[in-house]
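> dropping the sequence and predicted coords here.
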Amino acid sequence: MTAQPGLPRLNEPAPDFRARTTHGERSLADYRGKWLVLFSHPADFTPVCTTEFIAFARAADRFKALNAELLGLSIDSLFSHLAWVRNIEEKFGVEIPFPIIEDLKMEVAGAYGMVHPGAADTQAVRATFLIDPEGVLRAMVYYPMTNGRSIEEILRLLMALQTSDQHGVATPEGWTPGGKVIVPPPKTAEAAAKRASEGYETTDWYFSTRSL
């Protein structure tokens, strides 16, 4: 089965872009050397999106501490973005510290598969993309228009990806920092026979965990 056109693939270079934002022009290359959390929302001045933007703003320092930058997007004009950001600061007392892409021609949204038929013709669904410092797409999560994302889960996923990269391990369901990680299973009969004596917490030859 071939992939649908316009949908990016994990572990391949993320689609390139250059676009106007509320902080000036931005391109994918600007984020080289850092993780990028690129997230879309259906429209400005919508209640669910407002709660998400407030939560992203409040977590911005935590993302920055993980060498990650935030970048929002919707298929609205730059002036609409600026008005909405000012409204959030005025009405909710929260300053939005990250840029928001103007994507009236849907060029970025199309490249990342953010517009889904049946959801709305001119609105991007709640898509979130985690792009690593080499510009490779490592994770993507889609939510429907009616339900907001968990920013805590996006932070958790980012930390899990970084832990896997740093230590060459996998992470179990619901893993958070400090939890045990999964050791990659052996790939030969000889390695499988040795696994129980390698010092891991081994339930069976294919399932071993360890602390970091």
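Sure thing, it's come through.
> quick one: list the elements packing against the worst-scoring helix or strand of the chain on mean pLDDT.
Sorting the helices and strands of the chain by mean pLDDT, DSSP states H and E puts helix 107-111 at the bottom, at a mean of 90. Taking 3 or more CB pairs under 8 Å, 6 or more residues apart in numbering; DSSP states H and E as the contact definition, helix 107-111 has no neighbouring helices or strands. Using the backbone N, CA and C atoms, a C-beta is placed for each residue, glycine as well.
> tell me how far the helix or strand harbouring Ala160 lies from the chain's centre.
When secondary structure is defined using DSSP states H and E, the element that contains Ala160 is helix 151-167. Chain-centre distance of helix 151-167: 10 Å, with CA atoms, centre = their mean, to the nearest Å.
> and Leu70, that one's in a strand?
Yes - checked against DSSP: H, G, I helix; E, B strand; the rest coil, Leu70 lies within a strand.
> Gly178 sits in which helix or strand?
Counting by DSSP H and E, no helix or strand carries Gly178.
> where exactly do the helices run in the protein?
Ranges of helices within the chain are 47-58, 60-65, 78-92, 107-111, 151-167, 189-194, based on DSSP state H.
> quick one: these as CSV, columns for mean neighbour count too.
Rendered in CSV, the data for the helices of the chain read as follows (neighbours: other CB atoms under 10 Å):
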stretch, mean neighbour count
helix 47-58, 18
helix 60-65, 14
helix 78-92, 15
helix 107-111, 18
helix 151-167, 17
helix 189-194, 11
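> any idea which of these gets closest to Leu212?
Nearest to Leu212 among the helices of the chain is helix 151-167 (6.1 Å), distances taken as CB to CB.
> output the contacting helices and strands for the closest one.
Using 3+ CB pairs under 8 Å, 6+ apart, the elements in contact with helix 151-167 are strand 35-40, helix 47-58, helix 60-65, strand 126-131, strand 137-143.
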